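> Pasting a predicted model and its sequence here:
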Amino acid sequence: MARRPTAFRAPGARAAAPGRNSGFVAAAVGAALGLFVALLLFAPARWLTGGIASATGGHLLLTSPRGTIWNGSAQLVLAGGSGSTDAVALPDRIEWQLRPQWTGARIQLLAACCTPAPLVATAALGWDGVHIRVANGSSSWPAALLSGLGTPFNTLQPEGTLLLRTTQTAVHLANGRFTLAGRADIDVQNLASSVSQLRPLGSYRLSLLGGAVPALQLTTVDGPLQLSGDGQWVGNRLRFTGLARALPEREAALSILLNLLGRRNGATSVITLG
């Protein structure tokens with residue numbers, strides 16, 4: 001019976017060690033993990049812009065981003081959304097720091113024009129939705145930014161200052177709905193409009209109040225144009241009813257503005273949203 005030939009092995013050659021393949025796999029995994037970490041650490045700031053635009057329906061934009069998603073800056077723009085050509089940019093860039101935490105992230109925002117101290121918020125993902133907590137603080141923004149949102153602001157062309165204050169403000173998002181705890185107040189100081197020669201029109205307070213059904217209240221602090229109203233969110237939709245009226249001695253000067261604000265009823269305009 002013929003013998004099977006013996007495989008030839010060159011002198012000094014060794015059989016491949018079983019550990020070599022596993023070592024190669026480990027090196028490849030390590031390289032891939034290192035690349036992933038590098039991408040994560042140096043992810044460009046522009047990665048944030050698309051998500052924010054989509055989440056806000058195109059009303060809040062971050063343009064000309066610089067830096068990374070962890071430490072970056074951009075031009076903040078308020079816009080009219082899809083199909084709109086209205087857009088107004090904040091004069092100064094906003095800067096942010098984003099830091100991951102065990103259950104979510106902490107973000108800090110700063111704008112030279114508008115934030116005396118950084119604005120701080122934390123977001124946490126839970127089994128029942130997303131929880132966002134805003135630290136107590138205040139900031140001041142130009143009312144002219146609102147013109148970028150389109151109708152009716154693009155017609156009114158508001159001027160003045162928006163002073164935002166948050167007090168134990170927390171938002172819970174789940175299943176496309178939100179609930180609010182605490183409150184947020186916007187003081188509209190020395191409001192003026194391009195459709196009225198009377199300046200200023202007045203100062204006002206808009207208060208967002210927490211609860212299972214968040215509520216909105218509008219009151220007049222002072223001024224010839226008197227504004228008031230109440231509203232609440234039903235699902236994701238705001239339903240608001242308000243009144244605009246002029247002091248008797250200023251009714252003629254404010255007539256055009258009253259016609260634009262709502263349905264005219266004598267010296268009063270009825271404002272309805274939603």
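Here it is on my side, so go on.
> Could you pull out the strands in the stretch 51-200 of the chain for me?
All strands of the stretch 51-200 of the chain, identified by DSSP state E, counting those that start in this stretch, fall at 60-67, 71-79, 87-89, 94-100, 104-111, 119-126, 129-134, 137-142, 158-174, 177-193.
> Low-confidence ranges, this protein, go.
Applying pLDDT under 70 to the chain picks out residues 1-42, 176.
> Residue nearest the middle of it, spatially speaking?
Against the mean C-alpha coordinate of the chain, by CA atoms, centre = their mean, the closest residue is L60 at 6.4 Å.
> Settle this for me: that residue is touching A53, isn't it.
Yes - at 7.1 Å, L60 and A53 qualify as touching, with contact defined as CB atoms under 8 Å. C-beta coordinates here come from the backbone N, C-alpha and C atoms, glycine included.
> What's the local residue count around Q232?
Under the neighbour criterion other CB atoms under 10 Å, Q232 is assigned a count of 16.
> Distance of P142 relative to L191?
Separation of P142 from L191 (CB to CB, to the nearest Å): 12 Å.
> Pick out whichever of the two has more residues nearby.
Set side by side, P142 and L191 show more neighbours around L191, with 22 against 17, by other CB under 10 Å.
> which residues make contact with stretch 170-190 from outside it?
With contacts defined as CB atoms under 8 Å, 6 or more residues apart in numbering, stretch 170-190 is touched by 128-134, 143, 160-169, 200, 203-212, 214, 221, 233, 235-236.
> Mind giving me the ChimeraX command for buried ones among the residues you listed?
Selecting only the buried entries of those in ChimeraX, with 16 or more other CB atoms under 10 Å as the criterion:
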select :129,131,132,133,134,143,160,161,162,163,164,166,169,200,203,204,205,206,208,209,210,214,233
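> how near is the residue nearest to P44 when sequence neighbours are not counted to L62?
Nearest non-adjacent residue to P44, counting by CB to CB, 6 or more residues apart in numbering: T68, 6.2 Å away. Distance of T68 to L62, computed by CB to CB: 13 Å.
> Tell me the residues that contact both of those two, please.
Joint contacts of T68 and L62 (CB under 8 Å, 6+ apart) are A45.
> Among the two, which residue is more densely surrounded?
The neighbour comparison of T68 against L62 (other CB under 10 Å) goes to L62, with 22 against 17.
> Contacts only, for that one.
Under the criterion of CB under 8 Å, 6+ apart, the neighbours of L62 are A45, L48, T49, I52, A53, A74, Q75, L76, V77, I94.
> quick one: which of the residues you listed is nearest W102?
L48 (21.4 Å; CB to CB).
> Now that closest one: closest residue in space that isn't a chain neighbour?
I69 (5.4 Å).
> surely the one you found meets G50?
No - I69 is not in contact with G50 according to CB under 8 Å; the separation is 11.8 Å.
> Of the two, give the one with the bigger neighbour count.
Neighbours were counted for I69 and for G50 using other CB under 10 Å; I69 has more, 19 against 10.
> Please list all residues in contact with the more buried one.
Counting by CB under 8 Å, 6+ apart, I69 touches A43, P44, A45, W47, L48, L98.
> how much space between G202 and A89?
Separation of G202 from A89 (CB to CB): 27 Å.
> who has more neighbours, those two?
G202 (20 against 16).
> Enumerate the beta-bridge partners assigned to the more buried one.
Note on G202: beta-bridge partners L191, judged by DSSP bridges.
> That one against S228, yeah?
No - between G202 and S228 there is no contact under CB under 8 Å: 11.6 Å.
> For those two, list the residues in contact with both.
Taking CB under 8 Å, 6+ apart as the criterion, G202 and S228 both touch T220.
> Can you get me a residue count around the closest residue to S64 other than its chain neighbours?
Excluding the flanking residues, the one nearest S64 by CB to CB, 6+ apart is Q75, at 4.9 Å. Neighbour count of Q75, defined by other CB under 10 Å: 16.
> Relative to C113, how far out is Q75?
In terms of CB to CB, Q75 sits 12 Å off from C113.
> shared neighbours of those two, which are they?
Common neighbours of Q75 and C113, counting by CB under 8 Å, 6+ apart, are L90.
> This completes my enquiry, with thanks.
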